[in-house]
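Undergrad: sequence isn't available, so here's the structure alone:
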């Protein structure tokens, strides 16, 4: 039976139509391509009207195949498959071809882009004629969820799911959950204390009967797919038996070794060799820092073991690999602070009284190293003037082009705290003041009224080289005041650098391990930047919080909850559809050579000893098609990507070169048809 | 002398997970590159049967691009290594057929490497343009001379076979 193919070419507003002559492509497809019964162009194919048009044509014109030339199939293949299904057409009889990301957006020459779009449409039309209806498969969804990262986004996701009654495994690589929020002093714009709002959530998670907490642990390996992931988690040796430890803290008190705390206190304070990062840590089980412990480095001491009332100290403890089965994964791995040393002109790490934003958080925190007293590096002198420099490492093409989005508000918060706690004058050096969320602008107005000074301009340098007597012993901020249009110098006692939020150092590697990808900057890529901000391209893997891009606490909480809602939806539905794109072996053609057996990394091909043939275990097959390409007998077929389909696609893509022609001028329609008709399928 | 106006036709095979998304990213980032490559999607670079490449060249392509995930980053664990092995064998075969192996290229592009993908396309287009048109299909037109030559060969063969016991 000859196929009746419908071709739908999308304008995407002017996104495609601006570079590709879409009307011409549709007209040409209708006139020249074999089997095309209907060819239309439309402003927005993905709109409900566009979809209705396709559905209507399937019903009234009896289309047996559909080609949509629009954006990436990763964006809208689902949409158009659904439209086909609505009209009673098997969704696998649709082929999408990408004339936006792969054509109109990357080319400027209209004629060349139109010719390429024709090639892509021609390939899709030739391919779709060979496509076969496939039946979808459904798999059960394991109700357990893995949440990676115990910061505020991860905590929120964990609680939402656990409160809904679903089991959650929360993995955190630090000894305690809490994340960066636990380090903060106050939170903008309401100025409630960070710990006061965070610690109740932490203890709720710690005590929840549905939550299994795996701190000081890291995700090592993810296998399986949506609904049924298998994950391996490395529980690093704490050297403390969690079952015996009561969290009394006497070991910490008695430990004779004090070392600088580079993580939680960002080098501002000290901790012991056996420690919990902060007093409200969840769990309260301490960890031995073996690199700095006297017993582990010199073989002597064991004070902690001697004082422990429950004999919980276990110097022999080894890393443990925990294997879990989960249905979904939420990644909430957060961010790291920009290394302010990368901007040597600001003197961080060289000039004592230049602080990073995180250092200032600890300085101002009532539980911090100075008990909340804002003082200079000497630990006692109160500053009389403070400069806060915005956009350190962000909005800077030498480092990070993006806006870190939280620093303006954090700078205002710092300004307020300094004005409240000291007599100092506070100067904010900003490029643009960004206060777009609820009550943020009001907070900015409040600081204007409180007397914080705002200077618009980027600071060139922070130096201690005085030129005038009044600059002696001070830090001099050299800057351009862009409102006055003048170069100025301002002597201050303290400088706070608002360092950028950056992706975790291992974000990329970690993303690969979890089967998701990062943007160039290292932030995880969501499925759709506007309409699907927590899902990823990998089904069953979601992102939440700052690992997806810089964001503040409210936005992280929203994303944590959103990701949890998506997961809860999948769990309550119980099953999830998986693509029927799998390989099958024709036993009659199989020679039993077993080459395919070694090709499959998922062990999805088994060998039937009796019949001496190989067989694909459909549930394990992921549909990569490597065995199909490798089979010397051609006995393996890859559903939806079989040789006939791909050969037809190749011929279609080369419609204008098929006769050795390499010129890109459009052919006479009659010739083309005869050329294409002359090609037989392989 | 290279033909200045020659616009090569190139077929690209991109894997669904990394390289196709790299091409998508090049689009969303509005990175411009040569319009000569028509991209077809396969699930994995490991699906690219050498016959696809030959088919493309035989159908009039001047070059073929195969793009996959970086080694060690394959969505299917290690299938891009298999693509790599086949690619090297294919290069030998092509050389044996008298096709410049430079017309066929295997590249790696992660989903974050839109710019690298665009650069690889530009580089390949430039190299193929320098090599000139392949004209494989044109070389196989069944003209009288060729048919005569083939008939002659067949006859010779038959005669040779007859001598044997």
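TA: Noted; the coordinates are in hand. What you see is a predicted model, and the numbers here were worked out from it, not measured in a lab.

Undergrad: which secondary structure element is home to residue A:296?
TA: Assigned by DSSP states H and E, residue A:296 belongs to helix A:294-298.

Undergrad: ok now the helix or strand just after that helix, how far from the chain's centre?
TA: Downstream of helix A:294-298, the first helix or strand assigned by DSSP H and E is helix A:303-307. Distance of helix A:303-307 from the chain centroid (C-alpha atoms, centre = their mean, to the nearest Å) equals 43 Å.

Undergrad: ok so, going back, which residues sit against the helix holding residue A:296?
TA: Helix A:294-298 is contacted from outside by A:256, A:257, A:273, A:288, A:290, A:291, A:300, A:301, A:302, A:315, using C-beta atoms under 8 Å, 6 or more residues apart in numbering or on different chains. (Each C-beta comes from the backbone N, C-alpha and C, glycine too.)

Undergrad: same check on stretch A:208-219?
TA: The contact list for stretch A:208-219 (C-beta under 8 Å, 6+ apart) reads A:146, A:148, A:150, A:158-159, A:161-163, A:165-177, A:205-206, A:231-236, A:238, A:282-283, A:287, A:322, A:510, A:513-514.

Undergrad: my guess is residue A:275 contacts residue A:253. True?
TA: No: judged on C-beta atoms under 8 Å, residue A:275 makes no contact with residue A:253 at a distance of 10.9 Å.

Undergrad: more crowded one of those two?
TA: residue A:275 (24 against 11; other C-beta atoms under 10 Å in any protein chain shown).

Undergrad: mind checking pLDDT for the more buried one?
TA: Note for residue A:275: predicted pLDDT of 96.

Undergrad: for it, name its beta-bridge partners.
TA: Beta bridges link residue A:275 to residue A:287, judged by DSSP bridges.

Undergrad: contacts only, for it.
TA: Counting by C-beta under 8 Å, 6+ apart, residue A:275 touches A:175, A:252, A:255, A:261, A:286, A:287, A:289.

Undergrad: swap in residue A:618?
TA: Per C-beta under 8 Å, 6+ apart, neighbours of residue A:618: A:137, A:582, A:584, A:604.

Undergrad: check contacts around the closest residue to the last one other than its chain neighbours.
TA: Nearest residue to residue A:604, sequence neighbours excluded (C-beta to C-beta, 6 or more residues apart in numbering or on different chains): residue A:620, at 3.7 Å. Shown here is residue A:620, whose contacts under the criterion C-beta under 8 Å, 6+ apart are A:602, A:603, A:604.

Undergrad: ok, now how distant is the residue nearest the centre of chain B from chain A?
TA: Among the residues of chain B, the one closest to the centroid is residue B:64, at 2.5 Å (C-alpha atoms, centre = their mean). Here residue B:64 is placed at a distance of 9 Å from chain A (C-beta to the nearest C-beta, to the nearest Å).

Undergrad: thinking again about what came up before, can you tell me the element the residue nearest to residue A:604 falls in?
TA: Applying DSSP H and E, one finds residue A:620 in no helix or strand.

Undergrad: can you pull the pLDDT of it?
TA: Reading off the model, residue A:620 has pLDDT 76.

Undergrad: ok, it to residue B:37 distance?
TA: 34 Å (C-beta to C-beta, to the nearest Å).

Undergrad: and residue A:397, by the same measure?
TA: The value you get for residue A:397 to residue B:37, if C-beta to C-beta is used, is 30 Å.

Undergrad: ok, residue A:506 next?
TA: Counting by C-beta to C-beta, the gap from residue A:506 to residue B:37 is 34 Å.

Undergrad: the more surrounded of those two?
TA: residue B:37 (31 against 14).

Undergrad: buried residues, the helix holding residue A:296. List them.
TA: residue A:295 (16 or more other C-beta atoms under 10 Å in any protein chain shown).

Undergrad: run the chain-centre distance for that helix.
TA: The answer for helix A:294-298 is 40 Å, by C-alpha atoms, centre = their mean.

Undergrad: hmm, residue A:38 is touching residue A:9, no?
TA: No: taking contacts as C-beta under 8 Å, residue A:38 lies outside contact range of residue A:9: 11.3 Å.

Undergrad: these two: which has the busier surroundings?
TA: Per other C-beta under 10 Å, whichever of residue A:38 and residue A:9 has more neighbours is residue A:9, with 31 against 20.

Undergrad: please consider this matter closed, and thank you.
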